[in-house]
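In: what follows is a predicted protein model with its sequence.
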Amino acid sequence: MRQEVLLALLAKEPCRGWELRARLNDALGSLGEEMNDGQVYVTLGRLERAGLVWAELESERRDRAERKVYALTAAGQARVGEWLREVSWPKPDVAEFHLKLVAAGAARLADPVAIIDAQRRELLRRLRDAQEAAMEEPVGSRPALLLEGIVLRLQADLRWLEACETAWTPPRQIRNKR
Amino acid sequence: MGAGLVVARELIKFYGHGEGLVRAVDGVDLDVAQGETVAVMGPSGCGKSTLLHLLGGLDRPSSREVWLAGQRIDELSERELARLRRTGVGFVFQGFHLMDELTAVENVELPALLAGRSPRAARNRATKLLEQVGLADRAAHLPSALSGGQRQRVAIGRALVNEPVVVLADEPTGNLDSTATLDVLRLFKQLRAAGQTIVVVTHDERVAATADRLISMRDGAFVDQTRLTGGTGRLGDLAGLEG
């Protein structure tokens, strides 16, 4: 995850590391448990050194990270603004899988349909995970919305695999042999 | 015959003849264990709905056998089949198939009344089921006053009222949005935990992914079977939270 995410979550008001962590958990639900606390503090340290965040010590106990209150610097504010305006989207690996099928089919190294089946099984297991997690989140919650995004993307991938299977399946009598 | 609760052997269903012969189900063998949830997926026209109808006695095979809880059902008389459909099998359809003029609780209790339960016992059971599907406060509503997801939950309650051997569901989420789909899947999960045997035909990957076993069907035959136990534990990665 990009460090701009933590930076942006600080924009609401200055807060301690554990409060930032709680904001993440509210938004992510059970997925938040997969991030470790260390990751949050390491990122905050980096942001501080980069001058995007400044930290004020709350008490004399300077050794404890929990006593630090983090806030955005002017540079941090500017970076958050840039990040919010940025239009980026992760690239799916569609071409790689497509070329895998083409290569396997051309060289007769492997059965493209078997490759598709294996891929489908893996995506179905991921979909199962996402569904299980979605069922645990309250209806209409932020984490439920995040999980819906994961589910819809997996569904789209599974539908494409179905199209691949139809295209790569040899004529009926060969596959239907029992 | 067989170890399964629901068993099909060399099951065949053809429609029409000559040039117009349709091999809707073309030699299917199936064993569904007690408490198992099996999803059958495939494109429309692959024969999955026909298969479900054969398993539930809604239709008769052209040849060979269907067994339900140790009883061969493809040879039953019409009368016996009608009784089986009422008490042995619970159907859930894509279009809900509720009676428009009956309230939610009346829809749920109807099969119990038809099966000869007393009105009081039927009402008690129906009330309990509506609670279970989260619609206790909608008992007196007509289907027209309910959302699609709520109607489907009423229909699931109705399917359960006579404690069927198996629940057979045909595209149960086909008409539902994602929130209502999740409600139905939650309900199926509850049923599964309670040991209910379920066969669902669907082209919704979300439904398929929650089954114990997934069967792919093409041109009337099974082409692939997958056990879906165990998750990946990599959800954070899918969400883009790692790396």
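Out: Cool, the structure landed.

In: mind checking the longest helix of the chain?
Out: Let's take chain A. Secondary structure of chain A per DSSP state H: the longest helix is helix A:142-168.

In: actually, chain B is the one I wanted.
Out: Longest helix in chain B, counting residues (DSSP H): helix B:178-193.

In: packing partners of that helix?
Out: Packing contacts for helix B:178-193, counted by 3 or more Cβ pairs under 8 Å, 6 or more residues apart in numbering or on different chains; DSSP states H and E, involve helix A:112-136, helix A:142-168, helix B:148-160, strand B:197-202, helix B:205-209. For every residue, glycine as well, the C-beta is placed using N, CA and C.

In: nearest to residue A:23, out of those?
Out: Residue A:23 sits nearest to helix A:142-168 of all those, at 10.6 Å, using Cβ to Cβ.

In: about what we covered before: which residues touch the longest helix of chain B?
Out: Applying Cβ atoms under 8 Å, 6 or more residues apart in numbering or on different chains, the external contacts of helix B:178-193 come out as A:131, A:134-135, A:139-140, A:148, A:151-152, B:35, B:37, B:132-134, B:147-150, B:152-153, B:156, B:160, B:167, B:172-173, B:176, B:198, B:200, B:204, B:206-207, B:210, B:212.

In: okay, buried residues for it please.
Out: Going by neighbour count (16 or more other Cβ atoms under 10 Å in any protein chain shown), the buried part of helix B:178-193 is B:180-188, B:191-192.

In: before we move on, back to that, give me the helices and strands touching the longest helix of chain A, please.
Out: The contact analysis (3+ Cβ pairs under 8 Å, 6+ apart) places helix A:142-168 against helix A:17-28, helix A:94-107, helix A:112-136, helix B:178-193, helix B:205-209, helix B:235-238.

In: next, format the ones you listed as TSV and append mean pLDDT and distance to residue B:20.
Out: Output for the helices and strands packed on helix A:142-168, formatted as TSV (pLDDT from 0 to 100; distance: least, Cβ to Cβ, whole Å):
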stretch	mean pLDDT	distance to residue B:20
helix A:17-28	90	56
helix A:94-107	93	35
helix A:112-136	90	30
helix B:178-193	90	37
helix B:205-209	91	32
helix B:235-238	76	47
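
In: among these, which is nearest residue B:57?
Out: helix B:178-193 (20.7 Å).

In: and for the residue in chain B positioned nearest to chain A, nearest residue in space, chain neighbours not counted?
Out: Chain A sits closest to residue B:236 of chain B, with a gap of 3.3 Å, by Cβ to the nearest Cβ. Closest residue in space to residue B:236, ignoring its immediate chain neighbours: residue A:34 at 3.3 Å, by Cβ to Cβ, 6 or more residues apart in numbering or on different chains.

In: wait, that neighbour touches residue B:238, no?
Out: No. If you go by Cβ atoms under 8 Å, residue A:34 and residue B:238 don't touch, sitting 10.2 Å apart.

In: that older thread, work out the gap between the longest helix of chain B and the centre of the chain.
Out: The chain centroid and the centroid of helix B:178-193 are separated by 13 Å under Cα atoms, centre = their mean, to the nearest Å.
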